[in-house]
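Enquirer: One predicted model, sequence on top.
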Amino acid sequence: MPNSKIAGLGFYVPERVVTNHDLMEYMDTNDEWIQERTGIKERRFGVKHEETTTTMGIEAAKIAIERAGITNKDVDFIIFATLSPDYYFPGCGVLLQREMGMQGIGALDIRNQCSGFIYGLSIADQFVKSGMYKNVLLVGAEFHSPGLDYSTRGRNVTVIFGDGAGAAIIQPSEGEGILTTHLHADGTYAEQLAYINPGSHGGKWLGKKGFGYENEDKFGGMFITQHMMDNALTFPNMNGPAVFKFAVTKFPEVVKEALDATGHTTEDIDMFIPHQANLRISQFVQKRLGLPDEKVWNNIQKYGNTTAASIPIALCEAMEAGKIKKGDLVCLAAFGSGFTWGSALIRWQ
Ligand code: UT7
């Protein structure tokens, strides 16, 4: 069985820079609070009506394809990870496929939020190792900005997120490449970080009372109700402290799992790329793992949390900066909504 490797990487972020001061025009927040609690100084927002999650994914994919030394026609499978798709359905995978002229090949959309890229990498790795595909295009992209609550009510969520995309081509490897991937989830905490409405749940998991479903018992009319619109129930919600607490435990745990599975220790890691959830989480995890600053890549300061895009953007930036070279042991790890978490260990080829 061949190994698989990341043969090309690309990323795209929109041009428009939105600073913490810009957000203060809309909500009661301030630069000190945001920087102190999250490390974020600015993020990028896409151009509404022009850019979409898919178009950002395409820009990143074009670069990854070129760097892998292949053309669009060589791609034989697409995996698209996002929580902010262009349409509720169909997914961004088929839109990207259509726009890039790759009609006919399979396109899989995955919904694993912050862990989406690692889940996608694991799927691509299995497909390539089994010999089923030779050039898997994996995209993680988010257009968060149109779906956020810009009033003070939504400030704990809104100040964190940014738009962007990252992409990778996964190919068979002559050498080592992707050594191991580890995927986890615990749905007990599904609603702790969630975009609940619109949806088909009809209040089932939340207790119907107070959610405006009492008079919505005819066919239809439950997916998006007037009550949801009137009460701003169509925005993401997050129990920040609960997410933080789990994240700082699960990140080191899942990194250790990957190291143990391959007989490595933390000293063997040459570059650690954590999902960019919050700089404080990354710093906590770095300390717990005992890694020096030069072995950890953080860019949340510039881009905010770009969810499924954050790992490929960071990985690509680190590579472009010459911080990852052939033979390096690269560790990826993510934690987020679901809760889902995962890790990957790669011997860079
Ligand atoms: O990608 C994975 C997904 N997300 C994460 O990993 C996020 C994990 N959690 C976090 O990063 C942090 O919990 C946050 C950054 C979201 C929040 O930081 P925190 O230190 O946990 O703050 P908190 O939610 O406990 O709120 C503390 C105070 C509250 O005020 P009171 O009740 O103490 O008066 C909030 O209302 O900070 C207030 N607050 C804000 N103030 C200014 C919340 N958001 C803001 C804001 N600006 N943007």
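Expert: Looks like it arrived, so ask away.
Enquirer: buried ones in stretch 338-346?
Expert: In terms of neighbour count (16 or more other C-beta atoms under 10 Å), stretch 338-346 has its buried residues at 338-346. Just so you know, the C-beta spots here come from the backbone N, C-alpha and C atoms, and that holds for glycine as well.
Enquirer: same thing with stretch 292-306?
Expert: Of the residues in stretch 292-306, 295-300, 302-306 count as buried by neighbour count, 16+ other C-beta under 10 Å.
Enquirer: just stretch 113-131 next, same as before
Expert: 113-125, 127-129.
Enquirer: So Leu108 sits against Ala81, correct?
Expert: No: counting by C-beta atoms under 8 Å, Leu108 does not reach Ala81; the two are 9.4 Å apart.
Enquirer: Those two: who's more crowded?
Expert: Comparing Leu108 with Ala81 by other C-beta atoms under 10 Å, the one with more neighbours is Ala81, at 34 against 18.
Enquirer: Could I get the contacting residues of the closest residue to the more buried one other than its chain neighbours?
Expert: For Ala81, ignoring the flanking residues on the chain, the nearest one in space by C-beta to C-beta, 6 or more residues apart in numbering is Gly116 at 3.0 Å. With contact taken as C-beta atoms under 8 Å, 6 or more residues apart in numbering, Gly116 is in contact with 81-83, 110, 140, 307-308.
Enquirer: Correct me if wrong, but Gly116 is in a helix.
Expert: Yes: applying DSSP: H, G, I helix; E, B strand; the rest coil, one finds Gly116 inside a helix.
Enquirer: gap between the two ends of stretch 127-138?
Expert: End-to-end span of stretch 127-138 (C-alpha to C-alpha, to the nearest Å): 12 Å.
Enquirer: contacts for that stretch?
Expert: Contacts for stretch 127-138 (C-beta under 8 Å, 6+ apart): 1-4, 7, 61, 64-65, 68, 70, 74-79, 81, 117, 120-121, 124, 167-172, 312.
Enquirer: Those residues of the stretch 201-349 of the chain touching the ligand, which are they?
Expert: With C-beta under 6 Å from any ligand atom as the criterion, the stretch 201-349 of the chain meets the ligand at residues 240-241, 243-244, 247, 277-278, 281, 305, 336.
Enquirer: one more time with 8 Å
Expert: For the stretch 201-349 of the chain, the contact set with the ligand under C-beta under 8 Å from any ligand atom comprises 238, 240-241, 243-244, 247, 275-278, 280-281, 305, 307, 310, 334-337.
Enquirer: So which of those belong to helices?
Expert: In helices, defined here by DSSP state H, the members of these are 240-241, 243-244, 247, 280-281, 310.
Enquirer: Export the buried residues of stretch 292-306 as JSON lines, with columns for pLDDT and secondary structure.
Expert: Listed next are these as JSON lines, based on pLDDT from 0 to 100; DSSP: H, G, I helix; E, B strand; the rest coil:
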{"residue": "Lys295", "pLDDT": "98", "secondary structure": "helix"}
{"residue": "Val296", "pLDDT": "98", "secondary structure": "strand"}
{"residue": "Trp297", "pLDDT": "98", "secondary structure": "coil"}
{"residue": "Asn298", "pLDDT": "98", "secondary structure": "coil"}
{"residue": "Asn299", "pLDDT": "98", "secondary structure": "coil"}
{"residue": "Ile300", "pLDDT": "98", "secondary structure": "helix"}
{"residue": "Lys302", "pLDDT": "98", "secondary structure": "helix"}
{"residue": "Tyr303", "pLDDT": "98", "secondary structure": "helix"}
{"residue": "Gly304", "pLDDT": "98", "secondary structure": "coil"}
{"residue": "Asn305", "pLDDT": "98", "secondary structure": "strand"}
{"residue": "Thr306", "pLDDT": "98", "secondary structure": "coil"}
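Enquirer: related to what we said a few turns ago, as CSV, the ones in helices among the residues of the stretch 201-349 of the chain next to the ligand with pLDDT and neighbour count would be great.
Expert: Compiled in CSV, those are given as follows (pLDDT from 0 to 100; neighbours: other C-beta atoms under 10 Å):
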residue, pLDDT, neighbour count
Gly240, 96, 15
Pro241, 96, 10
Val243, 97, 21
Phe244, 97, 18
Ala247, 98, 26
Arg280, 98, 16
Ile281, 98, 21
Ser310, 98, 29
